[in-house]
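Participant: quick one, what's the 3D model for this:
(2 chains)
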Amino acid sequence: MRPRAILLRRRSVLPGFGLTFGVTILYLSLIVLVPLSAVFVKTSGMEWQRFVAAVTDDRVMAAYRLSFGGSLIAAAVDGVFGLLVAWILVRYRFPGRRLLDAMVDLPFALPTAVAGIALSAIYAPNGWVGQLVAPFGIKLAFTPVGVVIAMIFIGLPFVVRTVEPVLLDIEKEVEEAASSLGADRLQTFRLVLLPTIMPALLAGFAMAFARALGEYGSIIFIAGNIPGVSEIVPLLIVVKLEQYDYLGATAIAAVMLGASFVMLLAINLLQRWRRARLFGD
Amino acid sequence: MIDIRGITKTFDGFVALRDVSLTIGEGELVALLGPSGSGKTTLLRIIAGLEFADTGEIHFEGRDATRMAARDRRVGFVFQHFALFRHMTVRDNIAFGPRVRGRSKAEMDERVERLLQMVQLEGLGHRYPSQLSGGQRQRVALARAMAIEPRVLLLDEPFGALDAQVRKELRRWLRQLHDEMGITGIFVTHDQEEALEVADRVVVMNRGAIEQVGTPTAIYDNPATPFVYRFLGNVNRLPCSMRDGFALVGGLRMTLKGTGSESVSGTEGIAFVRPHEIDLVAEPAEAGVPATVRHSVVLGPMVRVELEAEDEGIIEAEISRPRYRALGFAKGSRVRIVPRKAEVFLDDGRRFSAQVLSPDRAPRVVGSPQG
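Facilitator: Reported below is the predicted structural model:
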């Protein structure tokens, strides 16, 4: 009787698996897979040489450099300052902590166009920050620097929110143990804390990078969009579309799609590595 | 040698330690015993340098270490929840201390190997803490603390997070380890059995102060205060009053011993009686505290009888099985509680041992205390 009862229960544990699985697949197909595969179907209509020419054009190459290079720099800056912000939020109790905590999420919540206008207003040569550096001949807005600033802005919450739970998780005792074993503060941070938060930090870095790579709205206002200088890939796709160069646009889109996929894969592998490291499964 | 002098520590107005002084000798294994909130863990953390005293001093081997940082104290600390480095293997955990102290690779390897052997974890050096059982983690934590060759090993509730079986094993093993290595050790516990079984000397703490220091036998047989009496094992409290060198417990006359006991008269006090020092007699009897049998449990050769006395609440008595059978009690039987021995703590702070003289004769009986 007993095994039978268990069997019945096991079957009832996941009621309607077939139904939910079917709906999930259908939903994913309609919303994600079909539009994305359309990109590849459309580009597959291109001859290989035309495709290569379209995606390696000088202007396109310059856009890749800006988008990938800028995203990398922005994600790295976010990694450092995101860790710092998360550390402060977790470790210290100070007036205005909740306000700071809420402000971290602003780049998530703000319409990107609003962020773009705000950023360009501040960093433009006549803006608050822009006019401070303008006398030294430094231009922030309408240059690649402006692009990176916008990328840093939108990527910060990803790092903070991924690192925060891991920092919260670290017991005070672990640091005390390190110190009673003879480690100074720097050794404790380098040998104990950093390795513990590293996987989360890397995951946050990867997400900030992916976000910066795909960002459009907040960047185009501050970028100035000078072809070959401060033009990002997503903008280039829009430009191509406006010129009715659908094939050129989708070819670049296919490259970006491939890049995004690799990024997500990397993030997932990082997460798995982290779990395996800490929980041994 | 560790010399603790007049340590006081407060947390936001809460006094965790109040003028605590204690000397711990070379090679001693000392237990800090007390209920939660008694300050025992705070004292341990102050010795480790994880907390600093408001006033008072700590000396290691005659040198003032009061303001010394934890990492310079050469103190091995074993945390209640182990606090292992989760991202490091067992080997790296143990090697951490020698590593940050700049020892050579060869020396480190040699020491790790020796310690793995000592804690009986040979062959598990490559594992991560998450792949070990609770008992194994505890031993890794111990090996890690031992790796810095500490002058003293401090253990905070070392067996608290383990289940009963493992706990017992580790306890015996720790005692054995201490005997072999001869290291000075201080451990914190709230379990009196653990303290009495493992330690050379027990420090009983209550509300931030030391109540008594002594060997396990001395503490158990001669509790200095009512608190120690209560905290170490089961004990019953019976109110009594003094008259002409006698304590009257429920009409029973117990002789007080000790200097000045003859003149004690007119004060009230509490008689502490261990369950095995109680005898029960059936009603009608001439003396003893009247009570009703509520429950009885057979524990090997003894029977533990739970009684309800009218004013004193629940009283526990342990009597032999033949005696219990002879009495023929059942639930609800009316009986009298007759203590053979008691420790009497007077309301004015004085303290005497009391016993019924010539226990083979029937207890002598007097009238009511007022009469």
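Participant: what about the residue in the stretch 251-371 of chain B that chain A sits nearest to, which SS state?
Facilitator: Residue of the stretch 251-371 of chain B nearest chain A, by Cβ to the nearest Cβ: B:V297 (34.6 Å). C-beta: built from backbone N, CA, C; applies to glycine. When classified by DSSP: H, G, I helix; E, B strand; the rest coil, B:V297 comes out as strand.
Participant: these two touch, right, it and B:R304?
Facilitator: Yes: in this structure, B:V297 is within contact of B:R304 by Cβ atoms under 8 Å, at 4.8 Å.
Participant: quick one, which of the two is more surrounded?
Facilitator: Legend: neighbour count by other Cβ atoms under 10 Å in any protein chain shown for B:V297 and B:R304, higher for B:R304 (17 against 10).
Participant: got a list of contacts for stretch A:170-178?
Facilitator: For stretch A:170-178, the surrounding residues in contact (Cβ atoms under 8 Å, 6 or more residues apart in numbering or on different chains) are A:187-188, A:191-193, A:196-197, B:50, B:70, B:77, B:79, B:81, B:83-85, B:96, B:100, B:144.
Participant: give me the pLDDT value at the residue of the stretch 251-371 of chain B closest to chain A.
Facilitator: Here, the pLDDT recorded for B:V297 equals 89.
Participant: helices and strands around the lengthiest helix in chain B, which ones?
Facilitator: Across chain B, the longest stretch assigned as helix under DSSP state H is helix B:164-181. When contacts are defined as 3 or more Cβ pairs under 8 Å, 6 or more residues apart in numbering or on different chains; DSSP states H and E, helix B:164-181 packs onto helix B:134-146, helix B:192-198.
Participant: out of the ones you listed, flag the one nearest chain A.
Facilitator: helix B:134-146 (7.0 Å).
Participant: ok so, going back, at contact distance from chain A, anything in the following helix or strand past the longest helix of chain B?
Facilitator: As assigned by DSSP states H and E, the chain's next helix or strand after helix B:164-181 is strand B:184-189. No: counting by Cβ under 8 Å from any Cβ of the partner chain, chain A has no neighbours in strand B:184-189; the shortest distance is 13.6 Å.
Participant: so how many other residues sit close to the residue in the stretch 151-300 of chain B positioned nearest to chain A?
Facilitator: Taking Cβ to the nearest Cβ, chain A has its nearest neighbour within the stretch 151-300 of chain B at B:L154, 8.5 Å off. When counting by other Cβ under 10 Å, one arrives at 26 neighbours for B:L154.
Participant: B:G27 now?
Facilitator: 14.
Participant: tell me the contacts of it?
Facilitator: With contact taken as Cβ under 8 Å, 6+ apart, B:G27 is in contact with B:182-184.
Participant: mind putting the helices and strands packed on helix B:164-181 into CSV with distance to chain A, mean pLDDT and mean neighbour count?
Facilitator: Formatted as CSV, those follow (distance: least, Cβ to the nearest Cβ, whole Å; pLDDT from 0 to 100; neighbours: other Cβ atoms under 10 Å in any protein chain shown):
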stretch, distance to chain A, mean pLDDT, mean neighbour count
helix B:134-146, 7, 92, 23
helix B:192-198, 21, 88, 19
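Participant: follow-up on the earlier one: pick out whichever of the contacts of B:G27 sits closest to B:L121.
Facilitator: Using Cβ to Cβ, B:I183 comes nearest to B:L121 of these, at 18.7 Å.
Participant: excluding its backbone neighbours, what's nearest the closest one?
Facilitator: Distance criterion Cβ to Cβ, 6 or more residues apart in numbering or on different chains; nearest residue to B:I183, sequence neighbours excluded, is B:L153 at 5.5 Å.
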